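Novice: The amino acid sequence is not available; the structure is as follows:
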């Protein structure tokens, strides 16, 4: 990932800190940040950090994150966003390291759903791939950057979408992760 490849990207809620280290971006999330909504509970968190570009075209996006302690629902993954109450996210999300899972949710009309894929062991890094064909999307993950496993198919309305990588830290403390790649084809 080269700096010139990131032209056209913006931040939705800038993180605590961003450092470029060679061809990688080290991102530190602010504490108590998240993307999650529930009209029934009167709960709306929309203050996570999202590094994105806007497009109306079909695409294949691949992003790779490496991370350390991911417990306490710390997250670094990918997001497709159309509005404040219409988006999809997928990331390593777990309460503790005994229950490792890649969580993904679709938020529509102010409500976030939840589904997950359990992992047998903690990976050093995760690759995510989002494929868009009009308003239909496929989300995949990979443990090696070569073999991708489908997590979900979903639908988002709208021509222009924001697509990219996100990070957040719903609890207290420091969470730092490394965005190793974000690329489009």
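Specialist: Alright, I've got the coordinates. It should be emphasised that the depicted structure is a prediction, and the values quoted were computed from it without experimental measurement. Numbering: from 1, shown residues only.
Novice: So residue 5 belongs to a helix, correct?
Specialist: Yes: counting by DSSP: H, G, I helix; E, B strand; the rest coil, residue 5 is part of a helix.
Novice: Not counting its neighbours along the chain, what's nearest it?
Specialist: Nearest residue to residue 5, sequence neighbours excluded (C-beta to C-beta, 6 or more residues apart in numbering): residue 183, at 7.2 Å. Placement of C-beta: from N, CA and C, glycine included.
Novice: Around the nearest residue to residue 99 once chain neighbours are set aside, count how many other residues there are.
Specialist: Take residue 99 and drop its neighbours on the chain: the residue closest to it by C-beta to C-beta, 6+ apart is residue 118, 7.6 Å away. By the measure other C-beta atoms under 10 Å, the count of residues near residue 118 is 9.
Novice: Wait, residue 118 touches residue 94, no?
Specialist: No: the criterion here is C-beta atoms under 8 Å, and residue 118 misses it with residue 94 at 9.4 Å.
Novice: residues shared between the contacts of those two?
Specialist: Residues touching both residue 118 and residue 94 (C-beta atoms under 8 Å, 6 or more residues apart in numbering): 100, 101.
Novice: circling back to that earlier point, under a three-state scheme, what state does the residue nearest to residue 5 occupy?
Specialist: strand.
Novice: So for it, what's the pLDDT?
Specialist: As predicted, residue 183 sits at a pLDDT of 93.
Novice: Relative to its centre, which residue of this protein is most distant?
Specialist: Distance from the C-alpha centroid of the chain peaks at residue 40, with 24.2 Å (C-alpha atoms, centre = their mean).
Novice: which one is residue 80 nearest to, not counting chain neighbours?
Specialist: residue 88 (4.8 Å).
Novice: OK, contacts around the one you found?
Specialist: 79, 80, 81, 104, 105, 106, 107, 137, 139, 152, 154, 156.
Novice: Take those residues and write them to CSV, including distance to residue 98, neighbour count and pLDDT.
Specialist: Converted to CSV, the contacts of residue 88 look like this (distance: C-beta to C-beta, whole Å; neighbours: other C-beta atoms under 10 Å; pLDDT from 0 to 100):
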residue, distance to residue 98, neighbour count, pLDDT
79, 27, 25, 98
80, 30, 23, 98
81, 31, 23, 97
104, 20, 23, 96
105, 22, 21, 96
106, 27, 21, 97
107, 27, 22, 96
137, 31, 20, 98
139, 25, 23, 98
152, 24, 16, 97
154, 29, 18, 97
156, 33, 19, 95
